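K.L.:
Provided below are the primary sequence and the corresponding predicted coordinates.
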Amino acid sequence: MSLVGCGTYSGVRERRPAFLPDPAGHGALASAEEEIAKALRHERSQPLDALDDYLDAAMTAEQQLHRDSQDAEARRDYDFAVSRIVEIIRDEHLTPWSKPLKVSGQRGEFELVDKPDPRPEWNPALFEFTPANQFDVRGQYVTERVTRDGIGAPAVAVEREVKTTGRREEFAPSRIFRCITIVAHFEGRRCVLSFEDPLAKETITLDGHTFPLAADFTVPIAVMLQQTDPKKHELSRLLNPEKFAHTAAIERLQPYDPDKAIVLVIHGLMDSQATWTPMINKLRGDPEIRKHYQFWFYSYPSGYPYPYSAAILRHELDALEKLYPARKPMVVIGHSMGGCISRLLLTDSGDQLWMSIFGKPPEQVRLSPHVKEYFMDELFFRHRPEIGRAIFIAAPLRGSDLASGWLGRVGAWLIRVPRLHEQASNEMLAATSIREAELRPKRRSNSVDTLSPKSRFVHAINSIPTTPGIPFHTIIGDRGKGDSPNSSDGFVPYWSSHKDGAESELIIPSNHSAHQSPYAIAEVMRILKLHAK
């Protein structure tokens, strides 16, 4: 892997970690460090001999921890040795989870095995494991490395194969990148590797003592961003949404946990799920957030009119309800246009949206069956009962003048309108007398049009209150000017992001990327902890 420039969302470089022995080491500690130093000298030329040395070092360090669980140097030696065991297993294509691996050495033979896990998704044979301490990470979205000190070798588990079928039904990505910590338990000269989830487990028992479970929450996200590179399709998904229709989906970032509430994050215009990296990276470093929440995202081609993207999301939520019916109330966080989509999830439309467009009830409007179904899906909806709270960040709830200005008009004309949308536009115009600026006679409105303050849809939806009983919050940027209510984040003015009835409103010194501001992240953390009570 190569380290790429900071203009990319994430750059990772794999390197050989350094080991600095403790000059004051003695007894068991000195013995473990001697084994590590010996292994480092011949790890590349004699990897299986080095594996034996690392096993000896880890076992010696574990024995010292049994005698003195507070020995920080023994813990460091144990973690380093286990991480190198993991590295050799990867590099030498060893499979101790398929059958016991015999490792010969001068002091006798080790037997290396794994601790079986009944969950199919946790089968180690499906993944390649790389210790987290072998990575340097940086990038536009990876500016802070969030870790937890403790016992074990934090690693990134990358699924060996990309799965093109069956994953949508499970709300799983086509390739899984998992945050994991590997712990070696010694039973004499039998070493049992356990693969632990640091997002689900805070401590681990080792040889009778309880320790914090070591973790690196950043490296798995950084590796995922670099290998999947969501940035490369952001502009294409805006300009040609029909080509990327298959990318509209809810996906989870971790295995589903029925005891944790889902936090569903929704990105904005010309963006992707990657934009949430700074926030998720920071939030997952907090033990209270880890205890109560799991992070999922909804990603979609942002060239679609946002009411249509919201309709797709409702179908995704229907499928989620069937698969996981007993869930804790969900928290939805939307940035920019994602906030507009989120707002529709808190709304009972009745026939108001339909009547605002067509002026007469559905049975009196002449439309082809599939076009009528399209409009019914987009304009008739109820609030989602599974949502317990929403956070709107830099959301143009009442539109943005930029969408109706020259820049917005140029952008709108560049977006390739899907065929169904174009047909719907033609039939709608034939069935009504609408000739608004944003509904050009030759095309159906797209995402830019539906963000215009002049949009008939924007006017109509803001005449409908959100459903009572679902608290929502707003976070608004003012670029540090302190001039609210006349402020703007550079794209969205305060008057558009402000919404009466919000349980809280926070104005922060940020541009439109407010969801990546440390002020917004701290506010989201506060709200999530409030919701968890």
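P.N.:
The structure has been received and is ready for your questions.

K.L.:
dump the residue contacts of the residue of the chain most remote from its centre.
P.N.:
Using CA atoms, centre = their mean, the residue of the chain lying farthest from its centre is residue 106. It sits 46.8 Å away. Neighbour list for residue 106: residue 52 [criterion: CB atoms under 8 Å, 6 or more residues apart in numbering]. The way it works is simple: take the backbone N, C-alpha and C, and place the C-beta from them, glycine included.

K.L.:
Next, work out how far apart it and residue 49 are.
P.N.:
9 Å (CB to CB, to the nearest Å).

K.L.:
and if you look at residue 81?
P.N.:
14 Å.

K.L.:
Equivalent analysis for residue 420, please.
P.N.:
64 Å.

K.L.:
Same question for residue 270.
P.N.:
With CB to CB as the criterion, residue 270 and residue 49 are 54 Å apart.

K.L.:
Repeat that for residue 388.
P.N.:
56 Å.

K.L.:
Based on its surroundings, how many neighbours for residue 231?
P.N.:
By other CB atoms under 10 Å, the residues close to residue 231 number 18.

K.L.:
How about the secondary structure of it?
P.N.:
helix (DSSP: H, G, I helix; E, B strand; the rest coil).

K.L.:
That one touches residue 9, doesn't it?
P.N.:
Yes: between residue 231 and residue 9 there is a contact under CB atoms under 8 Å: 5.5 Å.

K.L.:
any shared contact partners between these two?
P.N.:
With CB under 8 Å, 6+ apart, residue 231 and residue 9 have common neighbours residue 274.

K.L.:
Neighbours of residue 211, how many?
P.N.:
Counted with other CB under 10 Å, residue 211 comes out at 19.

K.L.:
Is it bridged to anything, and to what?
P.N.:
Judged by DSSP bridges, the bridge partners of residue 211 are residue 204.

K.L.:
tell me the pLDDT at it?
P.N.:
Looking at residue 211, its pLDDT reads 97.

K.L.:
I'd like to know how far it sits from residue 193.
P.N.:
16 Å.

K.L.:
neighbour count winner among residue 81 and residue 49?
P.N.:
Neighbours were tallied for residue 81 and for residue 49 using other CB under 10 Å; the higher tally belongs to residue 81 (28 against 17).

K.L.:
Could you pull up the contacting residues of that one?
P.N.:
Taking CB under 8 Å, 6+ apart, we find residue 81 in contact with 32, 35, 36, 54, 55, 57, 58, 61, 184.

K.L.:
what helix or strand is it on?
P.N.:
In this assignment (DSSP states H and E), residue 81 forms part of helix 72-91.

K.L.:
which regions of the stretch 401-533 of the chain lie under the pLDDT threshold?
P.N.:
For the stretch 401-533 of the chain, applying pLDDT under 70 flags the ranges 401-414, 433-451.

K.L.:
now the helices for it?
P.N.:
401-404, 406-414, 419-431, 456-461, 494-497, 518-532 (DSSP state H, counting those that start in this stretch).

K.L.:
For residue 169, find the nearest of those.
P.N.:
Closest of those to residue 169 is helix 419-431, at 24.0 Å (criterion: CB to CB).

K.L.:
Please compute how far that closest one lies from its chain's middle.
P.N.:
36 Å (CA atoms, centre = their mean, to the nearest Å).

K.L.:
re the thing from before, between the helices of the stretch 401-533 of the chain, which gets nearest to residue 312?
P.N.:
Taking CB to CB, helix 419-431 is the member of the helices of the stretch 401-533 of the chain nearest to residue 312, at 12.5 Å.

K.L.:
ok, and for the closest one, which residues are buried?
P.N.:
421, 423, 424, 425, 427, 428, 429, 431 (16 or more other CB atoms under 10 Å).

K.L.:
Tabulate those residues in a markdown table, adding columns for distance to residue 143.
P.N.:
Output for the buried residues of helix 419-431, formatted as a markdown table (distance: CB to CB, whole Å):
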| residue | distance to residue 143 |
| --- | --- |
| 421 | 39 |
| 423 | 46 |
| 424 | 43 |
| 425 | 43 |
| 427 | 49 |
| 428 | 46 |
| 429 | 48 |
| 431 | 52 |
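
K.L.:
Tell me how far residue 392 lies from residue 420.
P.N.:
Relative to residue 420, and taking CB to CB, residue 392 is found at 29 Å.

K.L.:
Can you name the helix or strand that the closest residue to residue 137 other than its chain neighbours falls in?
P.N.:
For residue 137, ignoring the flanking residues on the chain, the nearest one in space by CB to CB, 6 or more residues apart in numbering is residue 222 at 4.2 Å. Assigned by DSSP H and E, residue 222 belongs to helix 219-228.

K.L.:
I'd like the next helix or strand past that helix.
P.N.:
helix 234-239.

K.L.:
Show me what the next helix or strand after that next one pairs with in its sheet, parallel or antiparallel.
P.N.:
Using DSSP H and E, the helix or strand that directly follows helix 234-239 along the chain is strand 249-252. When pairing is defined by DSSP bridges, strand 249-252 lines up against strand 293-299 (antiparallel).
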